[in-house]
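Colleague: Fold the following for me, if possible:
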Amino acid sequence: PIVAANGVDPNQPSTLLEVPSGQVMVDLLDAWATQRKGARVMMVLDVSGSMGEPADPEDPNGPTKLDLAKRAVTEGLDDFKPEDQVGLRIFTTDDTGTPVVTDLSPVAPIGAQREALIRQVDSLIPLAGTPLYQVTEESYDEMLAGYDPALINAVIVLTDGQNDDGDASDDARQFEELLADVKRNSDGETAKPVRIFTVAYGSGADPSELRQIAESSNATAYQAGDATRINKGGGRWVGNVHERRVMPGSRRRSASPSTVCPTSARRRGPDWASARDGRSPATTCRPSPTRSSRSAANGRSTTAPAAA
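Modeller: Residues are numbered from 1 along each chain as shown. Here you go, the predicted model:
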């Protein structure tokens, strides 16, 4: 019981703080955007042939999955501060099935390259295969090699399909190696938490495998059978890189794949300010439809076009 004998004064506190006004909360949330921890992010975009399919199968003349992914990327760039380090990589295969990875922009401060990057994204077209596992692991390893403990380190993978690199015989091995690599570096005292957020477009994506990839890094997986749902948030899923964090060494139980993340779970705010290592809960979210807001040794071809 709350009694003095138990060291508790039932008459306290004698002074209560008033609930902040709505405008104070709005100002606080707006100010937090400039006060939050900086970000170091590589966005990895699938430009395989299937991304050229209509986002909504019932609307064959509507936008393609790639159209929506490009829109999400360009709108998502607005969530980053000028000094945030952001890079964009696209991937597909050539006619022989060899992975082709193109870095449209290196991981660097986004302020000076934002507009040029948007123009490059607008010109993307769907091409061939989907070497998802290989490119995800290589992108993760690159971000891990340059890990900066002072920043939030993350990879965002936007894709519509299962791994399709022309050789299904090694898919299981690639997948297990990817998960093992990420888990090994995400836990423990010497962890370097680089989160992998996956954004699945359309019913062709494998939600189970994409969810496992995200969860292995304590990050978030987005999925929607209707690809148009992803863009209802106007690219606001990028904000999750900054927002969804937990205390060092802790984990949260994964939500069901059918979970709809509440608005409050995605709203920018200072509730995670005490977290220091950039970790995120292993959560799978389906964005609300009403929310507006390898190298040469492996035979990979890598190019880095000049900014437009």
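Colleague: So which helix or strand of this protein has the lowest pLDDT on average?
Modeller: helix 263-266 (a mean of 31; mean pLDDT, DSSP states H and E).
Colleague: Going by residue numbers, what spans are strands in the stretch 101-250 of the chain?
Modeller: Here the stretch 101-250 of the chain has its strands, by DSSP state E, counting those that start in this stretch, at 152-159, 194-200, 220-222.
Colleague: Dump those into JSON lines; add mean neighbour count, mean pLDDT and distance to Leu124 as well.
Modeller: Every residue, glycine included, has its C-beta placed from N, CA and C. As requested, those are exported to JSON lines (neighbours: other CB atoms under 10 Å; pLDDT from 0 to 100; distance: least, CB to CB, whole Å):
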{"stretch": "strand 152-159", "mean neighbour count": "26", "mean pLDDT": "94", "distance to Leu124": "11"}
{"stretch": "strand 194-200", "mean neighbour count": "28", "mean pLDDT": "92", "distance to Leu124": "16"}
{"stretch": "strand 220-222", "mean neighbour count": "28", "mean pLDDT": "86", "distance to Leu124": "20"}
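Colleague: Same list (those) but as CSV, adding distance to Asp79.
Modeller: Below are those laid out as CSV (distance: least, CB to CB, whole Å):
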stretch, distance to Asp79
strand 152-159, 11
strand 194-200, 13
strand 220-222, 15
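Colleague: Out of those, flag the one nearest Pro57.
Modeller: Distance to Pro57, taken as CB to CB, is lowest for strand 194-200 among the strands of the stretch 101-250 of the chain, at 15.4 Å.
Colleague: how about the spatially closest residue to Asn153 that is not a sequence neighbour, what does it touch?
Modeller: Distances taken as CB to CB, 6 or more residues apart in numbering place Val194 nearest to Asn153, at 4.5 Å, with adjacent residues excluded. Going by CB atoms under 8 Å, 6 or more residues apart in numbering, Val194 touches Tyr140, Met143, Leu144, Tyr147, Asn153, Ala154, Val155, Val182, Asn185, Ser186, Ser217.
Colleague: Can you tell me who the fifth one pairs with across the strands?
Modeller: This means Asn153. Arg40, Val194 (DSSP bridges).
Colleague: thought it was touching Ile196?
Modeller: No - if you go by CB atoms under 8 Å, Asn153 and Ile196 don't touch, sitting 10.3 Å apart.
Colleague: just the buried members of the contacts of Val194?
Modeller: The neighbour-count test (16 or more other CB atoms under 10 Å) marks Tyr140, Met143, Leu144, Asn153, Ala154, Val155, Val182, Asn185, Ser186, Ser217 as buried among these.
Colleague: Can you list which of the residues you listed are found in helices?
Modeller: Tyr140, Met143, Leu144, Val182, Asn185, Ser186 (DSSP state H).
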